[in-house]
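> need a structure here:
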Amino acid sequence: DILVDGKVCDCDIVVTCQVGDPVPLQVKLTNWSKHSVGPFALTVMPYQDYQNGVHNYDLQDAITFVGSNTFYIDTVKPAKDSVYFGALLFLYTGDFYLNIKFHEDKSSRELPLSWLCLPSVHIRATEPVA
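The predicted model follows:
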């Protein structure tokens with residue numbers, strides 16, 4: 001589950017926030033398997049989609065993280081979850097996306113690659129209301 005500014009997100013929802021206001025981000029990983037999983041590194045990568053096949057990940061002047069954009073997860077037991085909190089600060093207006101990935105933090109691959117990526121989250125940063 002992904003929550004941006006307290007709102008549940010999926011690929012069909014656009015979350016609107018204001019430039020200059022910290023935007024809380026929450027990612028919850030639930031283990032529905034019968035075995036413990038982990039360790040993982042969860043990474044949040046913001047980008048802009050130019051709608052021509054080009055994704056711009058060079059956004060250090062437009063978005064900053066309050067804290068880290070990478071979280072380390074040791075182990076998630078069966079039927080349990082692990083929740084990670086962070087915050088984003090948008091410095092300019094525009095449409096941005098978050099690419100959220102789970103990377104295995106060990107050499108043996110137990111999970112298919114498609115399991116490790118979540119749908120992109122769409123965030124629209126607007127001017128502050130005066």
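
> for the residue nearest to residue 5 when sequence neighbours are not counted, which residues are in contact?
In space, and not counting its chain neighbours, residue 5 is closest to residue 23: 5.1 Å by C-beta to C-beta, 6 or more residues apart in numbering. Heads up, the C-betas are built off the backbone N, CA and C, glycines and all. For residue 23, the contacting residues are 4, 5, 15, 17, 87, 88, 89, 90, 123, taking C-beta atoms under 8 Å, 6 or more residues apart in numbering as the criterion.

> relative to residue 12, how far out is residue 54?
As for residue 54, its distance to residue 12 is 23 Å (criterion: C-beta to C-beta, to the nearest Å).

> this structure: strands as residue ranges?
Counting by DSSP state E, the chain has these strands, from start to end: 2-4, 7-8, 14-18, 22-30, 40-49, 55-56, 63-66, 70-73, 81-90, 94-104, 121-126.

> quick one: low-confidence ranges for the chain?
Scanning the chain for pLDDT under 70 picks out 10-11, 105-119.

> what's the burial count for residue 24?
For residue 24, the neighbour count with other C-beta atoms under 10 Å is 15.

> what pairs with it across the strands?
Taking DSSP bridges, one obtains residue 87 as the residues bridged to residue 24.

> touching, it and residue 89? I think so.
No. Look at residue 24 against residue 89 with C-beta atoms under 8 Å: they stay out of range, at 11.0 Å.

> which ones are touching residue 29?
With C-beta under 8 Å, 6+ apart as the criterion, the residues that contact residue 29 are 40, 42, 73, 76, 81, 82, 83, 84, 102.

> ok, so what distance separates it from residue 5?
According to C-beta to C-beta, residue 29 stands 20 Å off from residue 5.

> and if you look at residue 22?
Distance of residue 22 to residue 5, given as C-beta to C-beta: 9 Å.

> what's the answer for residue 66, then?
Note on residue 66: its distance to residue 5, by C-beta to C-beta, is 13 Å.

> these two - which one has more neighbours?
Neighbours of residue 66 and residue 5, each counted by other C-beta under 10 Å, are more numerous for residue 5; the result is 18 against 12.
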